[in-house]
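S.K.: No letters, just coordinates:
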């Protein structure tokens, strides 16, 4: 870290703030393990009658505080790994760990400490997701810092708040699709504001699915600004949502049904996808499957 301070962005900007994603992931893992250990001990060691419960309450407050921080830290982690800013600094090789390094500091019931799990892509998952191995341009584990997530984290204070906003917008979109109505202007405004939000976009496209995503594309009515927002938000969501070949084919099938397959093909080839989704796009034969733009429109 000393070498990074001398040669990295912090040497040029005294106000630089950065996140080391693998280190933050380990911190989140340790905090979750600590919370579990505290809860486990408290549940198994209730204060006996007549004995002050002050220490018990203090330990419970610590566990609650740890839990309250996890959503915020997870959001910062997601921002850091999905927004490689090109200014990361290369870290020197880490020193060899001591025999006890990498172990949880506390275990419930006094048991021997268990090894801390290796870093996960989604350390505080609240929904069934299959995380992407990472964007091709993201710095490798231990390879540097990211300034994103260290300061501003978008429109929402934590991951759950972003997901709730996305769920509300997904409901509004489905209602508009079912009623044949226009997408509310407020939804377009929020989608534009949160297009680079990893938590918001992941939950939005989880809720919409491939068919709903195609309907959103149709609702854009060819507007260049709206298509740009859809491309950006899809690329961000692909870091968390499994958009495999089956998902992409379902998206194209619905796009053809509602008459926007040519636009869908343009979107697929213009998105800054995650590495996994880009590989899936490469398996599609878009050149031969693309509908002739002059063909008559198929209304739903």
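M.R.: Yep, it's here. In this text the structure is predicted, and so the values were computed from the model without any measurement. Numbering: from 1, shown residues only.
S.K.: From here on, just use CA atoms for contacts and neighbour counts.
M.R.: Noted.
S.K.: could you check the distance from residue 70 over to residue 77?
M.R.: The gap separating residue 70 from residue 77 is 10 Å, by CA to CA, to the nearest Å.
S.K.: So for the two, which sits in the more crowded spot?
M.R.: residue 77 (27 against 20; other CA atoms under 10 Å).
S.K.: Using the three-state scheme, assign the more buried one.
M.R.: helix (DSSP: H, G, I helix; E, B strand; the rest coil).
S.K.: can you pull the contacts of it?
M.R.: 19, 21, 24, 25, 149 (CA atoms under 8 Å, 6 or more residues apart in numbering).
S.K.: Report the buried residues of stretch 224-233.
M.R.: By neighbour count on 16 or more other CA atoms under 10 Å, the buried set for stretch 224-233 is 226, 227, 228, 229, 230, 231, 232, 233.
S.K.: In a markdown table: those residues, plus distance to residue 205, secondary structure and pLDDT.
M.R.: Below are the buried residues of stretch 224-233 laid out as a markdown table (distance: CA to CA, whole Å; DSSP: H, G, I helix; E, B strand; the rest coil; pLDDT from 0 to 100):
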| residue | distance to residue 205 | secondary structure | pLDDT |
| --- | --- | --- | --- |
| 226 | 16 | helix | 95 |
| 227 | 15 | helix | 95 |
| 228 | 16 | helix | 95 |
| 229 | 13 | helix | 96 |
| 230 | 11 | helix | 97 |
| 231 | 12 | helix | 95 |
| 232 | 12 | helix | 94 |
| 233 | 9 | helix | 95 |
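S.K.: one step back: closest one of the contacts of residue 77 to residue 256?
M.R.: residue 149 (38.3 Å; CA to CA).
S.K.: what about residue 76, distance to residue 197?
M.R.: Distance of residue 76 to residue 197, given as CA to CA: 11 Å.
S.K.: And residue 235, by the same measure?
M.R.: Noted for residue 235: a distance of 11 Å to residue 197, by CA to CA.
S.K.: again, but for residue 163
M.R.: Distance from residue 163 to residue 197, by CA to CA: 10 Å.
S.K.: Can you check which residues contact both of those two?
M.R.: With contacts taken as CA under 8 Å, 6+ apart, not a single residue reaches both residue 163 and residue 197.
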